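Asks: quick one, what's the 3D model for this:
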Amino acid sequence: MAVTMADVARRAGTSVAVVSYVLNNGPRPVAEATRARVLAAAAELGYRRNRVAAALRSGSTGLVGLVLPDTVNPYFAALGRQIEQALADAGKLTVIANSGYDSARQSAAVDGFLAARVDGLIIVWTGDSTDPAAETPVVYVHNRPPGSTATVIAGDNRAGVAEAVAHLREHGHERIDFLAGETDDGPVGERVAAWRAAAQGRLLRSAYSRAAAAELMRGLTKWPAALLVATDEQAIGVLSAADAAGVAVPGDLAVVSCDGSPDSEFTVPPLTVVAQPFAEMAQQAVRLLLAEPRDGSPIAVRLTVRRSCGCPHRTTVA
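Replies: Sure thing, here's the model as predicted:
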C-alpha cells in the first residue's frame, strides 16, 4: 500500500497540513526542527509525492516538456543537458522527446506534453509546422517556426560567422567556401547570409551528417583552401574525407565550424569553432519560460581557436 501524508504525519508527530507545507514547500512556513522531522519520516517510510494529485491541488505539475530534434547529435545533446540543468536549478523536472527532424513527430510530442499538463514547453523547432495553439508557455531555442514572431533564444550567428571569416583572412585566405545544409532555414540561413556578406567562395550543400558531408567532399574535383562549415557534424565528415584523400588539415585545407559541440575538441586536428553559448541559452530560455524579462538580443558567441584553421591551440573570445 502506498505511503500517505497521514502516515508521514503520524511518524513525525505532526499534522497532515504541516506535512503538506513541508513537502510542497509552502504555502506556510514551517519551523526548521519540524521540517527536519517530516523529511526524516518521509525518507524512513519511503514516501513518494503523487504529482497528479499535487497538480490537481496546485495547478502545477512541476514538469517542463523539452522537444529536441535528435539527442544523439552532440550539439543538441549538449544544449539539452544545459536546459535540463537550468530547469532543475529552477525546481522543475524535464521530460524530453525527440522529434527526429520530423514535423509530425514534433507535433505529437507537443500534443502529448500539453495533455500531460506540463507547466511549459521548450522547443528546438524543426520542420514547417506552425506554432502550437496553447495557453501553456512556450519558449523556442535555436530555431522557431516559419513566420513566427515569437522570441527565440539563440547565439549571434551573424557576428560569429563574421568573426570566423575575419580569422581565416588573417591566415591569408581570400576565397572561403561554405558548407551549408540542404536548405537555408533557421540559424544556418543566418550563417549563410553572414558568409555571403563577408566572403567570396562556393556554396556547398549536404545533409547535416558526417557521412553526407564526407560523401560531398569526396566528390569534389577541386578542394577549397579554406572552408567554413555550418555544423560540427558536417565538419567531422570533412575531416574524415580529407584524411582519406590525403588532404592535410590545416596545411592544404583550413576548416572552421559553427557549433562548438563537445566532440569538436577531440577531432584530429581539433576543430576551430564558433562556439554556441549553450549554458547562457539554457538559462535565458528558462528565465523566459518563468516569465522573467530579457531583452531579446542574440547571445554573444565565442570563437574558440584550435588547430584546424592553422593556428597553435589557443582560445579567443569574440
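
Asks: what's the average pLDDT for stretch 184-204?
Replies: Stretch 184-204 comes out with an average pLDDT of 93.

Asks: which residues lie in contact with Leu68 in this structure?
Replies: With contact set as Cβ atoms under 8 Å, 6 or more residues apart in numbering, Leu68 has these partners: Phe76, Leu79, Gly80, Ile96, Ala97, Asn98, Ser99, Val124. To be clear about C-beta, it is placed using only N, CA and C from the backbone, and glycine gets the same treatment.

Asks: which residues in this protein form helices?
Replies: 5-12, 16-23, 32-45, 51-58, 74-89, 103-115, 157-170, 186-198, 210-218, 232-245, 278-289 (DSSP state H).

Asks: nearest to Arg307, out of those?
Replies: helix 232-245 (11.2 Å; Cβ to Cβ).

Asks: my guess is Arg117 meets Gly65, correct?
Replies: No: contact criterion Cβ atoms under 8 Å: Arg117 and Gly65 do not qualify, at 10.2 Å.

Asks: neighbour count for those two, which is higher?
Replies: When neighbours are counted by other Cβ atoms under 10 Å, Arg117 and Gly65 differ, and Gly65 comes out ahead with 22 against 15.

Asks: any low-confidence regions in the chain?
Replies: Applying pLDDT under 70 to the chain flags the ranges 1, 50-59, 128-131, 133-134, 292-296, 313-318.

Asks: domain ranges for it, per the record?
Replies: Domains of the chain are assigned by the TED database as 5-49, 63-153, 157-276+300-304.

Asks: tell me which of those lies nearest to Leu289.
Replies: Closest to Leu289 of the domains of the chain is domain 63-153 (Cβ to Cβ; 4.6 Å).

Asks: any idea how far apart the tips of that closest one sit?
Replies: 20 Å (Cα to Cα, to the nearest Å).

Asks: report how many residues lie close to Gly260.
Replies: Residues lying near Gly260 (other Cβ under 10 Å) number 26.

Asks: contacts only, for it.
Replies: Shown in contact with Gly260 (Cβ under 8 Å, 6+ apart): Asp232, Val273, Val274, Ala275, Gln276, Phe278, Val301, Arg302, Thr304.

Asks: would you mind measuring from the first one to Ala199?
Replies: Pointing back at Asp232 there. Distance of Asp232 to Ala199, given as Cβ to Cβ, to the nearest Å: 20 Å.

Asks: so these two - more neighbours on which side?
Replies: Higher neighbour count among Asp232 and Ala199: Asp232, with 27 against 22, using other Cβ under 10 Å.

Asks: thinking again about what came up before, which members of the contacts of Gly260 are the farthest-apart pair?
Replies: Using Cβ to Cβ, the two most remote members of the contacts of Gly260 are Asp232 and Arg302, lying 14.3 Å apart.

Asks: contacts made by stretch 163-173 with the rest, please.
Replies: 176, 194-195, 198-199, 225-226, 228, 254, 256, 258, 272, 274, 301, 303, 305, 309-311, 318.

Asks: can you check stretch 8-22 too?
Replies: The contact list for stretch 8-22 (Cβ under 8 Å, 6+ apart) reads 5-6, 23, 27-30, 34-35, 37-42, 44-45, 47.

Asks: how distant is that stretch from the center of its chain?
Replies: Relative to the centre of its chain, stretch 8-22 is centred 41 Å away, using Cα atoms, centre = their mean, to the nearest Å.

Asks: start to end distance for that stretch?
Replies: Length of stretch 8-22, first residue to last, Cα to Cα: 11 Å.

Asks: may I see the buried residues of it?
Replies: Neighbour-count burial for stretch 8-22, counted by 16 or more other Cβ atoms under 10 Å, picks out Val8, Ala9, Arg11, Ala12, Thr14, Val18, Val19, Ser20, Tyr21, Val22.

Asks: good, wrapping up.
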